[in-house]
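# Give the three-dimensional model of this entry:
(chains A and B)
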Number of protein chains: 2
Amino acid sequence: MSDTNTEKSVGLVTTQLMKIQLPAGGLKLENGGILPELNVAYETYGALSSTKDNVIFICHALSGDAHVAGYHDSSKKNVAGWWDEMVGPGKGIDTNHYLVICANILGGCKGTTGPSSINPKTGKPYGSAFPKITISDMVDVHRLLVKQLGIDHLAAVIGGSLGGMQALDWTIRHPEMIDRCICIASATSLSAQALAFDIVGRDSITSDPDWQGGDYYGTGHPPHRGLSQARKIGHITYLSPEMMTKKFGREKHNNGDTDSSFSTDFQVESYLDHQGDKFVDRFDANSYLHITSAIDEYDLTERFGSLEKAFGPIKGKVLVVALSSDWLFPPEQSVEIANALLHVGKKVSYCNLQAPHGHDAFLVDIKHLSEVMRAFLPWVGTIQRPPISTCLEFDHIANMVRPGTRVLDLGCGDCDLLSMLTGKNNISGIGVDIDLKHVIKAIDGGHDIFQADIDAGLAMIPDDTYDYAILSETLQVVHNPRFVLKEMLRVARKGIVTFPNFGKWSHRLHLWFTGRMPKGDSLPFEWYETPNIHLFTLRDFVELCQQDGIKILNLVCITTGWFNKLLVQLGFRNLGADRILVKITRNDSAENQ
Amino acid sequence: MSDTNTEKSVGLVTTQLMKIQLPAGGLKLENGGILPELNVAYETYGALSSTKDNVIFICHALSGDAHVAGYHDSSKKNVAGWWDEMVGPGKGIDTNHYLVICANILGGCKGTTGPSSINPKTGKPYGSAFPKITISDMVDVHRLLVKQLGIDHLAAVIGGSLGGMQALDWTIRHPEMIDRCICIASATSLSAQALAFDIVGRDSITSDPDWQGGDYYGTGHPPHRGLSQARKIGHITYLSPEMMTKKFGREKHNNGDTDSSFSTDFQVESYLDHQGDKFVDRFDANSYLHITSAIDEYDLTERFGSLEKAFGPIKGKVLVVALSSDWLFPPEQSVEIANALLHVGKKVSYCNLQAPHGHDAFLVDIKHLSEVMRAFLPWVGTIQRPPISTCLEFDHIANMVRPGTRVLDLGCGDCDLLSMLTGKNNISGIGVDIDLKHVIKAIDGGHDIFQADIDAGLAMIPDDTYDYAILSETLQVVHNPRFVLKEMLRVARKGIVTFPNFGKWSHRLHLWFTGRMPKGDSLPFEWYETPNIHLFTLRDFVELCQQDGIKILNLVCITTGWFNKLLVQLGFRNLGADRILVKITRNDSAENQ
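Sure, this is the predicted structure:
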């Protein structure tokens, strides 16, 4: 968040080639294949810090390459890297602070060894002789590169789609190397539908007579028709249906080239043709086959037995980002990653960005993604944390929370309460909130936060995970207060609930004498626009607790004015209290504060 | 709803062939082509009534045919028609009551003239000489069949997907012939995404060298590879992603036939291969090209200028059915049809069936679809309408509604109120409700009903469409009561609202003395589970009306007991009334009761 240099490009860059020093016998691949030689193409942006603690490794997706940002030719400034809007001075991944590395993946066709590379044994391109590869192989190759560059620690590993799969593999298999992992629009394995699209896409290539079993190099006839068709199918899946309608709808061109071959005048056909044509000029069909096969076979559950086992070794913090309109890697798959991380007690934040462009959104809908990346990446340089706001209620809550405990804040907002408790009570906490703005601010404050609707329950949290769960001014705005209370006392041993007391004498009097719904400091809204959709009194709450086997350990009445304080002191708490603050536990709980 | 014969099949049937008597010069097609000869393959089930008023025409989808129900060979009872679960004695389309006709479409390959038929001019199959066809051509051909069968009126025309497009075309262009239209999982034009899938599918066929420009008949090498690939893409789009995961997930077989051709062990690949292989045995590639092209070019807005103009001529009732998990013809497209019909004042019902199977659901998720079809189809035979329930409140509402007017009931439930008003006040009404169970019952009662969330607004209804809009015990359960009031007075000149009065003395007293949230006859729920999320008093309501320019024309207090009645008589309405019933209008409205 440097004030100067915002929106600048990293400028002129070049892709470099590194010949990796391999052990005698070459690089052994996971599926048994061996590569006698290995080259890796990579780019870097920004400068290495003296302590080498500022390196970010970006993992690219299926058709990406090492060229993330800037441009290769000063005369063609418009041909920028694939994530130029994200990576640069003052951008989401700020090259004023970080040294950013990106490298072409194993099996690719942009410099790193792949099926179109020369096989040293034959002096000809590998073609059908290129061995099967996995995503772990891709990561191993990049790890060799990083080591050879003299770097043994990554401040963050970041990737979207296939890049997210690599980022998870990095973080799982090299936990000691990785401080932070950002996994965007990705999954622990492809869905059946995404598999199906890949299968049909590969089928297009391998059924193209020009493919010739993979040995088409030098024939002058690569399988362009098949590769183009695979790319067209891919492009349909990368865009949300809404964006496809917005971009093309049913618009037609009328250049009169429609013929009996059943091509149409629809703009969407020209678009797909264009995407197909462009792709065959820059990509290799065998690379497409090998990389999509590796994606299809990636399956953390199959490989490790369960996601919990897979994520067990992770040491760093993880940010899981879903994109709202992505149907190829739908948000549920990101939720699955985040839930599993939470289940094994890892430090994880999850958010679902409103992004209209479908799966492509991680390349296109940059604004919110930049914000959340910048918020999550470690503070570098002179940036200061925002001051922590507090209030009387927070002080009471702090008094109820034992220092050094684990706290869950349900409906946490910006996590001001967690910030206060972290500073004052040295707790470790996590928040849950449905509002993205709050989520980004909370991440910015260094908190773990989960974007979720607490009305839907807390399935992502195992029983008894936290010492305290807090519902601060939240119970009255949820749809199922009884269910939410039950869930909070399932996941935490104790609960702290604050709510406005509808039983206060002034509310009663207001209703009695004016015949209108009460309003006041604790109930500031008109009846027709209040978010407080379940009003209740202290006594109502106490009776629900009795009914549901909830024990009240501590009860604080928050009041204003001497008269209300007197009422409370005299025992008329339901008459005097503006707000209530209770600490509760299950009746069957062994603990009793 | 016959008690006997349920779940029986129509039994052994045969496809019949009708040579259509054409005018001299043959059949002129919409795009200028001419067919000198025309055969139509069709099947019928059930018997024609003496007044010929019981004929239902079913329009089949892309890969369907005339064989809807029963079986062709008594030894192969398991090879049933494509909608055998829907059509038969006692089923959704009950052949005890109706004569059901279905015919293969023009351009098909199951008996009706298509590209594989013999061109009388050459004595060889048409192949590339087959003219371009449209969906209106398909309907015209079926209309010729129906006429030649001596039928000039259809009790209903029904179709899903492409069949729904035909059903709309029938109803628009032959309004005098059609009593009812059921349009399932269809659209007034394909979305850009669906177009894109069709484009890639056709591309697979035409890029298969065996296609040979369409003249492959007799070569012994039809373009199986291309047609199979098109079918695979189609099958992915017919299933919901959830169902694909449920059916296949990432399951693998291990029959060891994986080779270097990049095929996988995933079950989903075997499934797609199987679907492709099955399809090429029963379908013709040129038919696939012609029919999908006709689907792609179908566009009611383009053809008629607007949907409103397209639907203007319709005389019958229309039922529009969306399928919740359909992403090829998503529910929004059905909503668009229903909204446009409502906009031009047609009798229309809309519902969104919870159906997990995606677009295929209209063939598979039969239960709810059968219910709603049976409810919508005209009552035939001895079936009796259910008795209409009523209550005191209904009587008051009846007194407020002028006979012969148009009434909209928001949150209508089973439409009991509309039934009563129809019988007593001779109104014509329509209901809106979000609950499918209510919707089906309302349709069953002969009402038009729209399945929608009134909190989202009433965009489907133009300004001043109704004389009255009613919110009976609904205002307090919506999220945005102010917005809903505004919307109701936009679409109707007058509103009738009933709600529980939180200002009643007993509620006040209850809160005052017990310090608990009031309960009673009009507020029967506990605070933590009440659907009444916006509580308010008579006075609150009156003040909101003043604030928002709403004039109260009439106000009825519904009370119980002599004391409450006395209070109301003395003018203490906010103290005495249990429930309130008000008739309102906009202040700027010219009318005044």
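# For A:S75, what is the enclosing helix or strand?
Under the criterion of DSSP states H and E, A:S75 resides outside all helices and strands.
# Give me the neighbour count for it.
Using other CB atoms under 10 Å in any protein chain shown, A:S75 is surrounded by 6 other residues. Yep, even glycine has a C-beta here, placed from its N, CA and C like the rest.
# any idea how far it lies from A:K278?
Distance of A:S75 to A:K278, computed by CB to CB, to the nearest Å: 21 Å.
# Tell me how far the closest residue to A:L29 other than its chain neighbours lies from A:E302.
The spatial neighbour of A:L29 that comes closest, neighbours along the chain excluded (CB to CB, 6 or more residues apart in numbering or on different chains), is A:D137 at 5.0 Å. Noted for A:D137: a distance of 16 Å to A:E302, by CB to CB.
# repeat for A:T474
A:T474 sits 39 Å away from A:E302, taking CB to CB as the criterion.
# and if you look at A:D444?
For A:D444 relative to A:E302 (CB to CB), the value is 36 Å.
# From the neighbour counts alone, determine which of those two ranks first.
Between A:D444 and A:E302, counting by other CB under 10 Å, A:D444 is the more crowded of the two (20 against 14).
# So what does the more buried one look like in phi/psi?
In terms of degrees, to the nearest 10, the main-chain angles of A:D444 are phi -60, psi -30.
# Over to the residue lying closest to it once chain neighbours are set aside. Which of the three states is it?
Excluding the flanking residues, the one nearest A:D444 by CB to CB, 6+ apart is A:A375, at 3.7 Å. For A:A375, the secondary structure call by DSSP: H, G, I helix; E, B strand; the rest coil comes out as helix.
# Next, the contact list for A:A375, please.
For A:A375, the contact set (CB atoms under 8 Å, 6 or more residues apart in numbering or on different chains) comprises A:I440, A:K441, A:I443, A:D444.
# List, one by one, the residues from the stretch 201-350 of chain A near chain B.
Residues of the stretch 201-350 of chain A found near chain B (CB under 8 Å from any CB of the partner chain) are A:202-207, A:209, A:213-214, A:225, A:229, A:232-233, A:236, A:239, A:241, A:244-245, A:247-250, A:260-264, A:266, A:268-269, A:272, A:289, A:293, A:296-297, A:299, A:302, A:327, A:330.
# Could you pull out the buried residues of stretch A:264-284?
Of all the residues in stretch A:264-284, those buried under the rule 16 or more other CB atoms under 10 Å in any protein chain shown are A:264-272, A:275-276, A:279-280, A:283-284.
# among the residues you listed, which are in helices?
Among these, the residues falling in helices (DSSP state H) are A:Q267, A:V268, A:E269, A:S270, A:Y271, A:L272, A:Q275, A:G276, A:F279, A:V280.
# Am I right that the last one is in contact with A:L227?
Read it as A:V280. Yes: with contact defined as CB atoms under 8 Å, A:V280 reaches A:L227; the gap is 5.2 Å.
# Tell me which stretches of the stretch 451-593 of chain A form strands.
A:466-472, A:492-500, A:550-558, A:579-586 (DSSP state E, counting those that start in this stretch).
# Please dump the ones you listed into JSON lines; it should also carry mean neighbour count for every row.
Below are these laid out as JSON lines (neighbours: other CB atoms under 10 Å in any protein chain shown):
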{"stretch": "strand A:466-472", "mean neighbour count": "24"}
{"stretch": "strand A:492-500", "mean neighbour count": "24"}
{"stretch": "strand A:550-558", "mean neighbour count": "18"}
{"stretch": "strand A:579-586", "mean neighbour count": "22"}
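# Any stretches of chain A with poor pLDDT?
Low-confidence segments of chain A (pLDDT under 70): A:1-7, A:76-78, A:255-260, A:379-390, A:590-593.
# number of nearby residues for A:A285?
28.
# Tell me who's in contact with it.
Contact analysis of A:A285 by CB under 8 Å, 6+ apart lists A:I205, A:D208, A:W211, A:Y216, A:P222, A:P223, A:G226, A:L227.
# which parts of the stretch 351-500 of chain A sit against chain B?
A:H479, A:N480, A:P481, A:R482.
# hang on, the last one packs against B:E529?
Yes: the pair A:R482 / B:E529 is scored as a contact, 6.5 Å apart, by CB under 8 Å.
# Counting neighbours around each, name which of those two comes out higher.
A:R482 (17 against 12).
# which residues does the more buried one contact?
Taking CB under 8 Å, 6+ apart, we find A:R482 in contact with A:L544, A:D548, B:Y528, B:E529.
# neighbour-wise, which of those leads?
Most neighbours among those, by other CB under 10 Å: B:Y528, with 21 neighbours.
# that older thread, Throw the residues of the stretch 351-500 of chain A next to chain B into JSON lines and include distance to A:I461, thanks.
Below are these laid out as JSON lines (distance: CB to CB, whole Å):
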{"residue": "A:H479", "distance to A:I461": "19"}
{"residue": "A:N480", "distance to A:I461": "17"}
{"residue": "A:P481", "distance to A:I461": "18"}
{"residue": "A:R482", "distance to A:I461": "18"}
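# how near is the closest residue to A:S261 other than its chain neighbours to B:G358?
Leaving out its chain neighbours, the residue that sits closest to A:S261 by CB to CB, 6+ apart is B:T206, at 5.2 Å. Distance, B:T206 to B:G358, using CB to CB: 27 Å.
# who has more neighbours, those two?
B:G358 (27 against 18).
# Excluding residues flanking it in the chain, which one is nearest that one?
The nearest residue in space to B:G358 (CB to CB, 6+ apart) is B:S240, at 3.4 Å.
# List the residues that contact that neighbour.
Neighbouring residues of B:S240 by CB under 8 Å, 6+ apart: B:S325, B:D326, B:W327, B:P356, B:H357, B:G358, B:A361.
# Could you save those residues as a markdown table and add columns showing secondary structure?
Supplementary listing: these in a markdown table, determined by three-state DSSP:
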| residue | secondary structure |
| --- | --- |
| B:S325 | coil |
| B:D326 | coil |
| B:W327 | coil |
| B:P356 | coil |
| B:H357 | coil |
| B:G358 | helix |
| B:A361 | helix |
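# If you rank those residues by neighbours, which is first?
B:D326 (29 neighbours).
# My read is that that residue contacts B:A185, right?
Yes: counting by CB under 8 Å, B:D326 touches B:A185, with 5.2 Å between them.
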